[in-house]
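In: Provide a 3D model corresponding to the input given below.
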Amino acid sequence: MSDRTTTPPAAPEDFTAGKWRNLLLLALAELLMMALWFSASAVVPQLVDEWQLTAGEQSWLTMSVQVGFVAGSLLSAFLNLADRWNLARFIAGSALAGAALNAAIPLMGHQPERVFLLRFLTGVTLAGVYPPGMKLVATWCRRDRGLGIGLLVGALTVGSALPHLLNVLPFAALIPSLDTNVGMPPWRAVVVAASVSAVIGSAVALLGVRAGPLLPAAQRFHWSYAAAGLRDRAARLANFGYFGHMWELYAMWAWAPLFLRSAYVEAGRSEGAARVAGFAVIAVGGLGSLLAGAVADRVGRTRVTIWSLAVSGACCLVVGPLAAFPLAVTALCLVWGFAVVADSAQFSTAVSELGDARYVGTALTVQTSLGFLLTMATIRIVPWAAQRLGWEWAFATLALGPLFGIWSMAKLRRLPEALRMASGNR
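Out: Take a look at the predicted model:
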């Protein structure tokens, strides 16, 4: 199952044959696979109408995926799967399993508990899609690793937004038997389309992607490497920065589209336009991630992450009071969506540069699993605050994460180990 049995020479990646073809195909595959993440969250308005979901049940449509991802990530980290198995096959197989689980949701009828279980299991499979993808990028990139992982996270971001775009398309005309809900896109067709997207992505990964020459030798299982990234001070601070970032990110992605829908409806504007805006404010983060990756390789990881956290944290505080002005709030949310994920790849890149190269996959899996565990708190806090304080102040609770992230990355910047990042650019 291993990709390689011996450690290859560290040849300059600029001259590696097929590098950008592999990275672009991987990005395309991950974009298509990540449609699974918000496939149910995107159709919350339809499910509320049909199933009369409570606020807590609406939250669990996203939180169950987060829990599953954490469980799958911790299992993968404990067994060092991303450092022992063929990466392309691991990613493709995980996506196929997730597509099957997600496609079973329309068969459940009005049984939210079973849907939550399927969403949990889908999250487990996504642990085999996201962190191994980052390790695969690291096998092709060294000096431009921030750009490479930025490309991947950008693709993941657009893929996460994809169900919101699917939720605008006229599926009823294409697959009329799947739904009869009048006035809204048929939610069952949206969910099935997300699974089809993941199947196509799996084929792209399996047939078109391979690991690069910077792949270390396959490692034997050792449980102690699962916590290595938290024992080292520099890597720990990079992880802390990531945790502050994650406190904000998924709560914004989960609830900003519904916040925009509420703002548009209250102002008497088109609900279809609100759904397009919801897609755009998440998808624009793909551009933010790619540009931040290119810049961070030149000016430094800590600098770019601090800038991004400062902008997104400010948006948390300002966006709510603008709810009465849909066009203004859309413009601000586009800035927020750009900044909120621009730094994401740089935390992962920092961990890959600061940690043991032999166990990069495990270190990234631990980082993401703990970060996603943290997201459960804010995914639940935001709707709770919206019910009690209104949307005007619900997002302000997210600003604590960027503040903590800025503190962590400022401390990391002062350490001598920071010179190992971005070719000495900290």
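
In: all contacts plus neighbour counts: C-alpha atoms, from now on.
Out: Fine.

In: rounded mean pLDDT for stretch 210-221, please.
Out: The average pLDDT for stretch 210-221 rounds to 65.

In: what do you get for stretch 92-106?
Out: 94.

In: with stretch 136-146 instead?
Out: Here the average pLDDT along stretch 136-146 is 79.

In: for Glu266, give me its contacts.
Out: Ala324 (CA atoms under 8 Å, 6 or more residues apart in numbering).

In: repeat that with 10 Å
Out: Leu260, Ala323, Ala324, Phe325, Pro326 (CA atoms under 10 Å, 6 or more residues apart in numbering).

In: out of these, which are buried?
Out: Leu260, Ala323, Pro326 (16 or more other CA atoms under 10 Å).

In: keep only those of those that are in helices.
Out: Leu260, Pro326 (DSSP state H).

In: which residue in the buried ones among the contacts of Glu266 has the weakest pLDDT?
Out: Minimum pLDDT across the buried ones among the contacts of Glu266 falls on Ala323, with 82.

In: hang on, that residue packs against Ala394?
Out: No - using CA atoms under 10 Å, Ala323 is not in contact with Ala394, being 11.3 Å away.

In: who touches both of these two?
Out: Phe259.

In: which elements pack onto the strand or helix carrying Pro45?
Out: Applying DSSP states H and E as the criterion places Pro45 in helix 44-51. Under the contact criterion of 3 or more CA pairs under 10 Å, 6 or more residues apart in numbering; DSSP states H and E, helix 44-51 touches helix 55-78, helix 187-208, helix 233-266.

In: would you map the helices across the stretch 301-426 of the chain?
Out: Under the criterion DSSP state H, counting those that start in this stretch, the stretch 301-426 of the chain contains helices at 301-319, 326-342, 344-354, 360-389, 391-394, 400-413.

In: could you list the residues in contact with the shortest one?
Out: Spelled out, it's helix 391-394. So helix 391-394 is contacted by 256, 259, 262-263, 316-324, 381-388 (CA under 10 Å, 6+ apart).

In: mind doing that once more with 6 Å?
Out: Residues from elsewhere that reach helix 391-394, judged by CA atoms under 6 Å, 6 or more residues apart in numbering: Gly320, Pro321, Val382, Ala385, Ala386.

In: buried subset of these?
Out: Judged by 16+ other CA under 10 Å, buried ones among those: Gly320, Val382, Ala385, Ala386.

In: take the contacts of Glu266 and write them to CSV, including distance to Leu126.
Out: Output for the contacts of Glu266, formatted as CSV (distance: CA to CA, whole Å):
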residue, distance to Leu126
Leu260, 27
Ala323, 34
Ala324, 37
Phe325, 37
Pro326, 34
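
In: from those, pick the one nearest Ser202.
Out: Leu260 (32.3 Å; CA to CA).

In: what's near enough to touch that closest one?
Out: Ala274.

In: low-confidence ranges in the stretch 1-150 of the chain?
Out: 1-17, 77, 80-83 (pLDDT under 70).

In: related to what we said a few turns ago, turn the buried ones among the contacts of helix 391-394 into JSON lines, columns for pLDDT and distance to Trp336.
Out: As requested, the buried ones among the contacts of helix 391-394 are exported to JSON lines (pLDDT from 0 to 100; distance: CA to CA, whole Å):
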{"residue": "Gly320", "pLDDT": "86", "distance to Trp336": "12"}
{"residue": "Val382", "pLDDT": "88", "distance to Trp336": "16"}
{"residue": "Ala385", "pLDDT": "86", "distance to Trp336": "20"}
{"residue": "Ala386", "pLDDT": "83", "distance to Trp336": "19"}
